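Colleague: Quick one: sequence and predicted model below, then my questions.
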Amino acid sequence: MNEVAETILPETSTPGAKAANVGEFMAVMVRDCYSQEDQKVFMDGISELDKATDKKYSKKFMEASSQERTNVLKDLDIAQKDYQSKKKEDEPNHYFRMMKELTLLGYFTSEVGATKALRYLPVPGRY
């Protein structure tokens, strides 16, 4: 999951999602906070990620280059936006939406994300 998160939030002038170990955060959140139905959607989504990469590049997600991973995730983002706009209220969220939301939550609430990307200054701040 760290590789998916790193593709969504790569290292630039600030550390990427892998530096914040967002993959471990995702695993804990899904296991401890998601309903059984959402856990199943998320876990099945990991397999779907490999299927989407295989369909596009004939390889698994982990074997794909950085640019290939980005292209696959862009396609999945388009698919999830379409799914979310058409889904009924009682249907589960798209697995990639869950991955993306957890990546952002995990990164920006981590020490690395808060201090390096957001430039957080603890209260009371400077005098």
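Modeller: On my side now, so go ahead. Residues are numbered from 1 along each chain as shown.
Colleague: now stretch 97-107: mean pLDDT?
Modeller: Per-region confidence: stretch 97-107 scores 96 on mean pLDDT.
Colleague: ok, now stretch 5-23?
Modeller: 94.
Colleague: Would you mind listing the outside residues contacting it?
Modeller: Contact partners of stretch 5-23, identified using Cβ atoms under 8 Å, 6 or more residues apart in numbering, comprise 1-4, 26, 66, 69-70, 73, 99-100, 102-104, 106-107, 110-113, 116-117. (C-beta placed from N, C-alpha, C; glycine too.)
Colleague: Okay, and which of those map to helices?
Modeller: Secondary structure of the contacts of stretch 5-23 is defined by DSSP state H; positions in helices are 2-4, 26, 66, 69-70, 73, 99-100, 102-104, 106-107, 111-112.
Colleague: Buried subset of the contacts of stretch 5-23 as a PyMOL selection?
Modeller: A single PyMOL command is used to select the members of the contacts of stretch 5-23 judged buried by 16 or more other Cβ atoms under 10 Å:
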select buried, resi 1+2+3+4+26+69+73+99+100+102+103+104+106+107+110+112+113+117
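Colleague: Tell me the buried residues in stretch 74-89?
Modeller: For stretch 74-89, the neighbour count (16+ other Cβ under 10 Å) marks 76, 80, 83 as buried.
Colleague: Inside helices: which ones of those residues?
Modeller: Using DSSP H, the members of the buried residues of stretch 74-89 that fall in helices are 76, 80, 83.
Colleague: Kindly reformat those residues as TSV and extend each row with pLDDT and distance to residue 93.
Modeller: Written out in TSV, the entries for these read as follows (pLDDT from 0 to 100; distance: Cβ to Cβ, whole Å):
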residue	pLDDT	distance to residue 93
76	96	13
80	95	8
83	95	8
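Colleague: Can you tell me which of these is nearest residue 56?
Modeller: Proximity of these to residue 56 was ranked by Cβ to Cβ; the top entry is residue 76 with 10.3 Å.
Colleague: So what's the residue count around residue 11?
Modeller: 11 (other Cβ atoms under 10 Å).
Colleague: Need the phi and psi values for it.
Modeller: Torsion angles at residue 11 (phi, psi; degrees, to the nearest 10) stand at phi -70, psi 130.
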